[in-house]
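# After the sequence you'll find the predicted model.
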Amino acid sequence: MIIIRYLFLYAFLFVSLFGCAHNDIKRDILFQASTINALLEGVYDGDMTFGELKRHGDFGLGTLNRLDGEMLALNGKVYQIRIDGKVYPVDDSMKTPFAVVTFFETDSMANSIRKLDYNGLKDFIESMMPSKNIFYAIKVSGTFDYIKARSVPSQQKPYPKLVDAAKNQAIFNFKNVKGTLVGFYLPDYVKGVNVPGYHFHFIAEDRTAGGHLLDCIADNVLVEIDYTTEFYMVLPGGGGFHEADLKKEKQRELEKVEYNK
């Protein structure tokens, strides 16, 4: 009887430990490497590889070490949009100083068949949100009458602040293009950690062009949003991040960089 009881105990512990470990793999988590204020301060060298980042999400955006262009992750593939506006595949060994990803799973979707400017598109997305106090991953795919996007050049040490590096950005204007906006809506309370409000990167359907979204006119698009209620952040292990002054308020700088204000 004692032996049987121990066998049942071991079986219970095995199922509890290993079964729960399997079930604890959560996909509705926003995973982030570093902070937006560190990027604004000129911390452009991170220690997280894209191979590691892909373990935490198949959808997202960010940049690459040395601020070498815009990064976009879609359907498990990671792309780099350089200063020439062209799209390049990202190797798993490459690293990022700032990125945000999640495993995209559609919680709500709606099709807009009328033309929407950027503000109209944001209003349409907000009509699909049950609350503006949680995180949302957002995918907008279809036809765009107009896309205004940008990318920034790779930087050399000593690194300038992002607001200065962005002065050398290249602007791209695309007309009558099919593609996808990959982005997030984050509440106002994330200031300093991430970008409050909307942040989108664009990639053309043929994967030849893209960039950080500045403006658009959507013609016939499908909007999908993923409700996300958990957040996990990993900070760089040292280097520029440990030395950066992250106490300052940088919202005005962020608006200049993100929206060309």
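Sure, I can see it. Numbering: from 1, shown residues only.

# Give the residue spans of the stretch 1-150 of the chain that score low on pLDDT.
1-25 (pLDDT under 70).

# Tell me where it has helices.
Along the stretch 1-150 of the chain, counting by DSSP state H, counting those that start in this stretch, helices occupy 2-14, 20-23, 36-40, 50-53, 118-126.

# Ignoring the adjacent residues along the chain, who's closest to the spatially most central residue of the chain?
In the chain, the residue lying closest to the centroid (Cα atoms, centre = their mean) is Leu61, at 2.9 Å. Spatially, and ignoring its direct neighbours in sequence, Leu61 is nearest to His201 (4.5 Å; Cβ to Cβ, 6 or more residues apart in numbering). The way it works is simple: take the backbone N, C-alpha and C, and place the C-beta from them, glycine included.

# The helix or strand hosting the one you found: how far from the chain's middle?
Secondary-structure assignment from DSSP states H and E places His201 in strand 197-204. Taking Cα atoms, centre = their mean, to the nearest Å, one finds the center of strand 197-204 at 8 Å from the center of the full chain.

# That one - contacts with which helices or strands?
With contacts taken as 3 or more Cβ pairs under 8 Å, 6 or more residues apart in numbering; DSSP states H and E, strand 197-204 sits against strand 59-63, strand 70-74, strand 77-81, strand 135-151, strand 170-186, strand 210-228.

# Can I get those strands in CSV including distance to Phe124?
CSV is the format used below for these (distance: least, Cβ to Cβ, whole Å):
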stretch, distance to Phe124
strand 59-63, 20
strand 70-74, 21
strand 77-81, 25
strand 135-151, 9
strand 170-186, 12
strand 210-228, 7
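
# Show me the one of the ones you listed that comes nearest Leu116.
Nearest to Leu116, of all the helices and strands packed on strand 197-204, is strand 210-228, at 4.6 Å by Cβ to Cβ.

# What residues of that closest one count as buried?
For strand 210-228, the neighbour count (16 or more other Cβ atoms under 10 Å) marks 210-214, 216-219, 221, 223-228 as buried.

# quick one: average pLDDT of that strand?
Mean pLDDT, taken over the full extent of strand 210-228, equals 97.

# So what are the sheet partners of that strand and their directions?
strand 108-112 (antiparallel), strand 116-117 (antiparallel), strand 135-151 (antiparallel), strand 197-204 (antiparallel) (DSSP bridges).
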